[in-house]
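1. Could you work out the structure for the sequence below:
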Amino acid sequence: MRRLMLLRHAKTETDAPSGRDQDRRLDERGHQDAAMTGDFIASHPPGPELVLVSTAVRAQQTWELARAAMQDRVPAPQVESVPELYAAEPMQILHQIRLAAALDPKRLLVVGHNPGMHELALALIAHGDADARHELMRNMPTSGLAIFDFDTDDWGGVSFARGHLLAFVTPKLLKQGSVD
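-> Below you'll find the model as predicted:
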């Protein structure tokens with residue numbers, strides 16, 4: 001069994017001072033939402049053993065704030081910054097997930113960007129929680145987290161239409177108390 005968590009970066013400023021999209025930082029709401037998502041992950045163990053994070057500033061900040069919220073509640077995972085996750089399409093993200101086989105974590109968290117993260121999450125679903133599926137079909141907003149289980153012993157077995165969607169969490173749903 002392998003567990004995959006897909007986390008879209010948190011809410012960002014409109015423009016970076018440098019003018020480069022990769023340099024956009026989280027805004028105040030993004031800081032709060034990333035921490036809230038990290039708290040959710042820590043409250044629903046087990047946590048990730050490996051985290052793959054886009055090199056974009058907003059993705060790095062999202063992970064740092066989520067990790068701080070998990071501090072002392074889940075073991076610290078191995079973290080890798082992956083330039084290929086920036087603006088990646090679903091197949092590119094899936095390729096990075098499959099490369100995780102070299103480290104053989106049982107639980108993997110990927111922090112990246114839309115539209116690729118949302119498209120990948122939709123493509124992975126074979127079955128799962130109906131409410132989570134309905135919410136995910138609508139959108140994967142900033143700080144959205146999709147959690148999948150795959151009945152495989154290797155990350156190479158993770159593919160489209162093979163995932164069991166366990167949960168889909170957004171800051172809005174967490175604030176409404178709509179998620180356990």
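2. what sits against residue 24?
-> The contact partners of residue 24, taken as CB atoms under 8 Å, 6 or more residues apart in numbering, are 12-16, 56-58. Where you see a C-beta, it was placed from the backbone N, CA and C, and this is true even at glycine.
3. from those residues, which would you call buried?
-> 12, 16, 56-58 (16 or more other CB atoms under 10 Å).
4. Out of those, the closest to residue 156 would be?
-> residue 56 (26.8 Å; CB to CB).
5. now the strands for the chain?
-> Secondary structure of the chain (DSSP state E): strands at 2-8, 50-54, 78-82, 107-112, 125-128, 145-150, 163-169.
6. In TSV, list these along with distance to residue 21.
-> Converted to TSV, the strands of the chain look like this (distance: least, CB to CB, whole Å):
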stretch	distance to residue 21
strand 2-8	15
strand 50-54	11
strand 78-82	17
strand 107-112	14
strand 125-128	29
strand 145-150	23
strand 163-169	26
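7. now those in CSV, with mean neighbour count, distance to residue 137 and mean pLDDT?
-> Shown next, in CSV, are the strands of the chain (neighbours: other CB atoms under 10 Å; distance: least, CB to CB, whole Å; pLDDT from 0 to 100):
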stretch, mean neighbour count, distance to residue 137, mean pLDDT
strand 2-8, 24, 15, 98
strand 50-54, 24, 24, 98
strand 78-82, 15, 27, 97
strand 107-112, 25, 19, 98
strand 125-128, 16, 9, 96
strand 145-150, 23, 11, 98
strand 163-169, 22, 9, 97
